[in-house]
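Student: Structure for the following, please:
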Amino acid sequence: MEEIRYNLSSLYDSFQSDDFQNDLRKVEEKIKDLSNYVTKHCDNYDNFKDKLLYLIRFREDFSKLIGKLLPFISLTMSADTTNNEANKYMSKVQSMLADATIPFTKAKKYIGSYEQLDELMTIEPFKAYSFYLSEIKNETSHLLSDEEEKIISKMRQTGASAWSYLQSLLTSKLEVDVKLKDEVKTMTLSQIVNLTRSKDKEARKAAYEAMQKAYEKIDDSVAMCLSSIKGEVNFTSKLRGYETALDESLDKSRTKKETLDVMLQAMREYLPYFHKYLKRKARILGHDGGLPSYDLYAPLGNVDKKFTINETKDFIIENFSTFSQPLADLAKKAFENNWIDVYPRKGKRGGAFCFNIRSIKESRILTNFNGNLKDVITLSHELGHAYHGECIFKNNILQSSYPMPVAETASTFCETIVMNKVIEKSTKEEKLTLIDSVLQGHTAIICDILSRYIFEKEVFERRLDHPLNAKELKEIMRDAIKEAYGDGLNHDYVNLYAWLNKPHYYRPGLSFYNWPYAFGLLFAKGLYAQYLKDKDVFVSRYDDLLSATGMMNVEDVAKQANIDVTDISFWRSSLDILKQNIDLFLKLTD
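Tutor: You can find the predicted model right below:
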């Protein structure tokens, strides 16, 4: 099998290249320049317009510069977590950024404290940066003293960021010994996860049990990572004036608590339908009661088609073209220009992600492709992120960062396009397999994401009182899964280590990266319903909606599509769309 890795030469040829080393020096120089400027000029508001314009232009240039260095380092590390050069330069850049904390904090405070800032936002050239400036004004209210901000930034390098890296290293290097038909094979976690989707029941169970056993080797170490990260986030959130880490997460997500609450309420209302699906699937697979965790992703039916990466390319491009040519062109560009790191290997990070690189207006995708339909859908999902990037790249670089909830919208929309086309073209025999595949994904979003939210919320709350060990984390996970999955699961076979290999829990600057997946799915379903009503009109404004995610709060983005996300009826209507697939599944298996 030919190894296909993403090409990073649009960023740099290597860590030792002149371009990389020169840009590294430029970062240090620019930090010194900013420090000198704020010291000399930001102690009064004389000629404020000129100073503000200088600070905006500086931030643009610096964002482009660091927006080349960090993606190159991070993407290299993700493809090979043991790369010593990448690890060394990540530490170096983080240290430089820590040094930049004080001058950038001073600049933000200087801008955000200007009393007439709102008026300036209404005139050019500042009108074009109005959302960026309003974000600074809000952030200023949560900034600490210059010295405190620097201390926190320095502390994070050897604190939460280091713990995060340790979790990534431990899980990427973990070897799982699984016994398959009297033969013991050693696999990576990414490979073993693919095995949990096997048609062979004994292989699925063996993979599940082997993972549980392997996790025991590192559970105390990873528990220390999680506990330490959450402890640090609790501390810094309080320092910044937030009541809880969730409040900080919502603020960074540009989302009202009211929006989250009504979405979660609607999800809880619809849980019994998902439990029905799980119990029916359990019965089909020969289980009494609920479904054991090792069979959550067991395929049903006789569709066992495997896709090569070239077949996947043609399949995705063909189906994307039914929505719009720009979407199909983006997918073609990603495949043909080596934007995708395709296959699993030892040392490579598990899962899948897309990195929008704003500095060069390109994206890179990492996936662990094994050739099944789920992998095809995952790649469609990540290409959706890349398309979101294409739309957001039209904005100024300072207004091109979209928050977590809408981050999953374009990706889920692309998933829906591809899967609906697959089902539409399927035979009667294939339909059951495909509907089950859809419901696997929807159940993961509604039930599993809810369990992750419950788990993380409880971890943050308990961490206020004491550090958490592996035993306690497993107990919290058991309770969270029981609450979300109810009697749909067999609780004698529950993955109590579901916290150990989810990188989202270990990102100190991105807490509660779980509920945005539910938001993305349900918001995308609502958008897709609008698309079906009037395709031409919807396609013409879809790109503008995605572009707006970098310049608006979540509620205002939704209003672009005439959706009120603070109204529970919207979430119920989207969940009704998911329920239709459950009803179809129950009918097909009656």
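
Student: chain center to stretch 356-364: distance?
Tutor: For stretch 356-364, the separation from the chain centroid amounts to 16 Å (computed by Cα atoms, centre = their mean, to the nearest Å).

Student: Ignore what I typed, I meant stretch 454-472.
Tutor: With Cα atoms, centre = their mean, you get 22 Å for stretch 454-472.

Student: do the same with stretch 520-530
Tutor: When C-alpha coordinates are averaged (Cα atoms, centre = their mean), stretch 520-530 and its chain have centres 18 Å apart.

Student: can you pull the buried residues of it?
Tutor: Using 16 or more other Cβ atoms under 10 Å as the test for burial, stretch 520-530 gives 520, 521, 522, 523, 524, 525, 526, 527, 528, 530. Using the backbone N, CA and C atoms, a C-beta is placed for each residue, glycine as well.

Student: One more: stretch 487-506?
Tutor: For stretch 487-506, the neighbour count (16+ other Cβ under 10 Å) marks 488-490, 493-506 as buried.

Student: so where is the stretch 201-350 of the chain shaky, pLDDT-wise?
Tutor: Judged against pLDDT under 70, the low-scoring parts of the stretch 201-350 of the chain cover residues 302-304.

Student: Helices of that one, residue ranges please.
Tutor: 201-215, 219-239, 245-252, 257-284, 309-320, 325-336 (DSSP state H, counting those that start in this stretch).

Student: Send me the third one as CSV with only the CA atoms.
Tutor: So that's helix 245-252. Extracted in CSV, the C-alpha atoms of helix 245-252 (Å, rounded to 0.1, in the frame of the first residue of the first chain):
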residue,chain,number,x,y,z
ALA,A,245,-14.8,26.8,32.9
LEU,A,246,-18.1,26.2,31.0
ASP,A,247,-18.8,29.9,31.2
GLU,A,248,-15.4,30.7,29.7
SER,A,249,-16.0,28.0,27.0
LEU,A,250,-19.3,29.6,26.0
ASP,A,251,-17.8,33.0,25.9
LYS,A,252,-15.0,31.8,23.6
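
Student: For the remainder of this discussion, apply numbering that starts at 293.
Tutor: That works, and once the first residue is 293, the last one we named lands at helix 537-544.

Student: Now do that helix against helix 549-576: the angle between them, please.
Tutor: Inter-element angle recorded for helix 537-544 and helix 549-576: 110 degrees (by axes from the mean of the first three to the mean of the last three Cα atoms, to 10 degrees).

Student: which residues sit against stretch 478-494?
Tutor: With Cβ atoms under 8 Å, 6 or more residues apart in numbering as the contact definition, stretch 478-494 has outside contacts at 463-464, 466-470, 495-496, 499-500, 502-503, 506, 577, 586-591, 596, 636-638, 640, 642-643, 660, 662, 664, 666, 793.

Student: what do you get for stretch 607-627?
Tutor: 599, 605, 631-632, 655, 657, 668, 671-672, 675, 678-679, 682, 706, 709-710, 713-714, 823, 831, 834-835.

Student: Helices - which of those land there?
Tutor: Taking DSSP state H as the definition of helices, the contacts of stretch 607-627 contribute 605, 668, 671-672, 675, 678-679, 682, 706, 709-710, 713-714, 823, 831, 834-835.

Student: If any of those residues are buried, put those into a PyMOL selection.
Tutor: Remark: buried members of the ones in helices among the contacts of stretch 607-627, expressed as a PyMOL selection using 16+ other Cβ under 10 Å:
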select buried, resi 605+668+671+672+675+678+679+682+706+709+710+713+714+823+834+835
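
Student: residue contacts, the residue nearest to residue 523 when sequence neighbours are not counted?
Tutor: With Cβ to Cβ, 6 or more residues apart in numbering as the criterion, residue 523 has its nearest non-adjacent residue at 5.2 Å, and that residue is residue 755. By Cβ under 8 Å, 6+ apart, the contact set of residue 755 is 519, 522, 523, 526.

Student: what about residue 755, distance to residue 527?
Tutor: Using Cβ to Cβ, to the nearest Å, residue 755 is found at 10 Å from residue 527.

Student: still on that earlier bit, go through the helices of the stretch 493-642 of the chain and name the closest to residue 414.
Tutor: Ranking the helices of the stretch 493-642 of the chain by proximity to residue 414 (Cβ to Cβ) places helix 537-544 first, at 24.3 Å.

Student: what helices or strands is that closest one leaning on?
Tutor: helix 511-531, helix 549-576, helix 741-755 (3 or more Cβ pairs under 8 Å, 6 or more residues apart in numbering; DSSP states H and E).

Student: and the next element down the chain from whichever helix in the chain runs longest?
Tutor: As assigned by DSSP H, the longest helix anywhere in the chain is helix 340-371. Counting by DSSP states H and E, the element after helix 340-371 in chain order, helix or strand, is helix 376-404.

Student: Would you mark the buried spots in that following helix?
Tutor: 378-379, 381-383, 385-386, 388-404.

Student: Stretch 320-334 now?
Tutor: Buried, per 16+ other Cβ under 10 Å, within stretch 320-334: 322, 323, 326, 327, 329, 330, 333, 334.

Student: Looking at those, which are in helices?
Tutor: 322, 323, 326, 327, 329, 330, 333.

Student: Check which helices and strands the longest helix of the chain is in contact with.
Tutor: helix 310-333, helix 376-404, strand 645-649, strand 654-658.

Student: okay, these in TSV with mean pLDDT and distance to residue 546 next?
Tutor: Shown next, in TSV, are these (pLDDT from 0 to 100; distance: least, Cβ to Cβ, whole Å):
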stretch	mean pLDDT	distance to residue 546
helix 310-333	96	26
helix 376-404	92	17
strand 645-649	96	17
strand 654-658	97	22
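
Student: To residue 438, which of the ones you listed lies closest?
Tutor: Of those, nearest to residue 438 by Cβ to Cβ is helix 376-404, at 4.5 Å.

Student: what element comes up after the closest one heading to the C-terminus?
Tutor: Taking DSSP H and E, what comes next after helix 376-404 is helix 409-412.

Student: immediately after that following helix, which helix or strand?
Tutor: Moving toward the C-terminus from helix 409-412, the next helix or strand (DSSP H and E) is helix 422-432.

Student: Now that following helix: buried residues?
Tutor: Buried residues in helix 422-432 (16+ other Cβ under 10 Å): 422, 423, 424, 425, 426, 427, 428, 429, 431, 432.

Student: quick check: angle from the helix or strand following that helix to helix 511-531?
Tutor: Per DSSP H and E, the first helix or strand lying C-terminal to helix 422-432 is helix 438-450. Inter-element angle recorded for helix 438-450 and helix 511-531: 170 degrees (by the same axes, to 10 degrees).

Student: now for helix 438-450, which elements pack on it?
Tutor: Using 3+ Cβ pairs under 8 Å, 6+ apart, helix 438-450 sits against helix 376-404, helix 511-531.

Student: And those helices: which comes nearest residue 852?
Tutor: That would be helix 376-404 among these, by Cβ to Cβ, at 26.8 Å.

Student: Mind giving me the packing neighbours of the closest one?
Tutor: With contacts taken as 3+ Cβ pairs under 8 Å, 6+ apart, helix 376-404 sits against helix 310-333, helix 340-371, helix 422-432, helix 438-450.

Student: what angle sits between it and helix 422-432?
Tutor: With the same axes, to 10 degrees defining the directions, helix 376-404 sits at 90 degrees from helix 422-432.

Student: Check the gap between residue 842 and residue 698 for me.
Tutor: Applying Cβ to Cβ to residue 842 and residue 698 gives a distance of 9 Å.

Student: meant to ask about residue 452, not that
Tutor: Distance of residue 452 to residue 698, given as Cβ to Cβ: 25 Å.

Student: returning to what we had before: for the helices and strands packed on helix 376-404, which one sits closest to residue 864?
Tutor: The minimum distance between residue 864 and the helices and strands packed on helix 376-404 falls on helix 422-432, with 30.8 Å, by Cβ to Cβ.

Student: Show residues contacting the closest one.
Tutor: Against helix 422-432 from outside (Cβ under 8 Å, 6+ apart): 348, 400-401, 403-405, 409, 412-414, 418, 543, 688, 690-691, 842-844.
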